[in-house]
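>>> pasting the sequence and the predicted coordinates here, then a few questions.
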Amino acid sequence: MKVLGLETSCDETGLAIFDSELIDSDSDNGQQGLLGQVLYSQIELHAVYGGVVPELASRDHIRKLVPLFHELLDQCGISKNDIDAIAYTKGPGLIGALMTGALFGRSLAYGLEVPAIGIHHMEGHLLAPLMGANPPAFPFVSLLVSGGHTLLIAAHGIGQYEILGESIDDAAGECFDKAAKMLGLEYPGGPNIAKLAETGNPNAYSLPRPMLHRGLDFSFSGMKTAVHNLIKDTDGSGGSGNGSDSDPQVRADIAASFQHAMVDTLVKKCVKALKQVNMSRLVIAGGVSANSHLRTTLETELAKINATVHYAPPALCTDNGAMIAYAGYQRLQAGQSDDLAVTCVPRWPMTELPAV
Ligand code: KG4
Ligand code: ZN
């Protein structure tokens with residue numbers, strides 16, 4: 001079964017074909033069944049505004065969807081008539097951006113007379129690490145860390161999600177992005193902080209680990225303020241708050257200390273969650289799960305409690321069409337599909353998803 005996946009919830013236009021007949025291949029590249037994918041990022045379009053402009057995002061998705069679709073078919077060496085089903089991101093996200101992919105996908109499915117299904121963006125992230133040859137079995141704890149969400153979930157099966165904890169303010173990725181901006185780094189901040197941190201001392205400055213001893217919820221706004229104050233106290237510009245004026249080593253030390261505090265907080269909450277629900281597998285997903293300091297720290301800390309950590313290749317951690325195609329495949333295979341009405345939902349609790 002070949003499923004076309006469409007991701008347009010924010011500022012990436014992602015399209016991919018998941019082909020279930022490729023699942024049994026011997027090589028475990030962490031993206032079993034992926035026949036091909038194309039991804040267009042709107043980062044440059046929004047950069048001058050300092051954030052994503054929803055109307056511009058929608059218009060750009062419309063411009064790119066058809067050419068990217070043809071590019072994907074060429075890359076996969078198939079024609080549109082070879083597509084057996086279409087999955088599109090239905091929410092959560094920017095409503096206009098969601099509508100572009102949903103309408104394109106739903107109309108194409110109608111024309112091709114194949115089923116279509118709307119997918120929850122965060123479920124796409126959650127299931128992406130299962131695209132390996134030896135996927136972690138349910139149940140597991142999932143840490144979903146993206147630009148818009150920070151969630152700790154007990155996943156008992158596809159669509160059977162129990163929220164254990166979430167951020168009460170900024171998302172983890174958002175905090176990386178804001179800290180990066182204060183340090184004069186470009187968006188998206190996560191990878192740029194990680195790069196700058198490579199030459200910094202993670203113990204140079206002590207940053208707060210908010211809500212460490214209070215349940216499984218997160219709070220990152222205090223950390224943001226702490227970074228702001230640290231930059232003001234250390235930069236050579238006399239307190240303008242523009243970290244790009246600081247000594248390069250000081251900036252690297254701030255980046256490393258910040259990353260260390262973020263990772264430390266996330267890891268401690270994951271350990272706590274695994275113990276609380278008595279599970280031994282952790283699956284991390286979403287853009288921040290591409291962070292190599294987070295991955296290696298989790299590997300070390302979880303080994304101490306006989307638990308394992310699982311994640312997708314970096315390209316499948318950030319937004320992409322493959323995760324939507326794969327989630328769509330899982331639900332279509334279980335007999336689920338959506339009718340002709342296209343309803344996108346900007347906010348959509350994961351606990352409302354139907355079980356598979
Ligand atoms: O999942 P994603 O691509 O989009 C959303 O659904 O939000 O996540 C994007 C977020 C951004 O905040 C970005 O800075 C962060 O993921 N990110 C990272 C890394 N790569 C992406 N954060 C830390 N380290 C990384 N290597
Ligand atoms: Zn995402």
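That came through fine. Ligands and ions are numbered 1, 2, ... in the order given.
>>> how about the residues of the protein near ligand 1?
Within reach of ligand 1 by Cβ under 6 Å from any ligand atom, the chain has these residues: 125, 146-148, 173-174, 176-177, 188-191, 194, 286-288, 290-291, 318-319. C-beta coordinates here come from the backbone N, C-alpha and C atoms, glycine included.
>>> neighbours of residue 222, how many?
Close neighbours of residue 222, defined as other Cβ atoms under 10 Å, add up to 16.
>>> that one and residue 229, how far apart?
Plainly put, residue 222 is 11 Å away from residue 229 if you go by Cβ to Cβ, to the nearest Å.
>>> for this protein, what spans make up the helices?
Using DSSP state H, the helices found in the chain span residues 43-47, 54-76, 95-112, 121-127, 172-182, 189-197, 221-234, 248-277, 292-303, 321-333.
>>> in the shortest one, what's buried?
By neighbour count with 16 or more other Cβ atoms under 10 Å, helix 43-47 contains the buried residues residue 46.
>>> about what we covered before: of all the helices of the chain, which lies closest to ligand 2?
Of all the helices of the chain, helix 121-127 sits nearest to ligand 2, with 5.5 Å by Cβ to the ion.
>>> picking that back up, turn the helices of the chain into CSV, including mean pLDDT.
CSV is the format used below for the helices of the chain (pLDDT from 0 to 100):
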stretch, mean pLDDT
helix 43-47, 93
helix 54-76, 98
helix 95-112, 98
helix 121-127, 98
helix 172-182, 95
helix 189-197, 97
helix 221-234, 94
helix 248-277, 97
helix 292-303, 98
helix 321-333, 98
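>>> how about a markdown table for these, with distance to residue 348 added?
What follows is the helices of the chain, written out as a markdown table (distance: least, Cβ to Cβ, whole Å):
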| stretch | distance to residue 348 |
| --- | --- |
| helix 43-47 | 23 |
| helix 54-76 | 17 |
| helix 95-112 | 10 |
| helix 121-127 | 8 |
| helix 172-182 | 18 |
| helix 189-197 | 24 |
| helix 221-234 | 24 |
| helix 248-277 | 22 |
| helix 292-303 | 26 |
| helix 321-333 | 13 |
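>>> and those: which comes nearest residue 23?
helix 321-333 (9.5 Å; Cβ to Cβ).
>>> in the closest one, which residues are buried?
The neighbour-count check on helix 321-333 (16+ other Cβ under 10 Å) flags 321-332 as buried.
>>> let me know the closest of these to ligand 1.
The shortest approach to ligand 1 among these belongs to residue 323, at 9.4 Å (Cβ to the nearest ligand atom).
>>> contacts only, for that closest one.
5, 7, 124-125, 127-128, 312, 316 (Cβ atoms under 8 Å, 6 or more residues apart in numbering).
>>> type out the ChimeraX command that picks the buried ones from the residues you listed.
Selecting only the buried entries of these in ChimeraX, with 16+ other Cβ under 10 Å as the criterion:
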select :5,7,124,125,127,128,312,316
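>>> name the nearest of the contacts of residue 323 relative to residue 164.
Residue 164 lies nearest to residue 125 out of those, by Cβ to Cβ, at 16.4 Å.
>>> how far away is the closest residue to the closest one other than its chain neighbours from residue 274?
Distance criterion Cβ to Cβ, 6 or more residues apart in numbering; nearest residue to residue 125, sequence neighbours excluded, is residue 285 at 4.2 Å. Residue 285 is 16 Å from residue 274, where distance means Cβ to Cβ.
>>> which one of these two has more residues nearby?
Per other Cβ under 10 Å, whichever of residue 285 and residue 274 has more neighbours is residue 285, with 29 against 23.
>>> surely the more buried one meets residue 130?
No. Contact criterion Cβ atoms under 8 Å: residue 285 and residue 130 do not qualify, at 9.6 Å.
>>> OK, now which residue of the stretch 251-356 of the chain is nearest to ligand 2?
For the stretch 251-356 of the chain, Cβ to the ion, closest residue to ligand 2: residue 319, 4.3 Å.
>>> that residue and residue 290 touch, don't they?
No. Judged on Cβ under 8 Å, residue 319 makes no contact with residue 290 at a distance of 11.3 Å.
>>> more neighbours, the two?
Neighbours were counted for residue 319 and for residue 290 using other Cβ under 10 Å; residue 319 has more, 26 against 22.
>>> many thanks, we can stop here.
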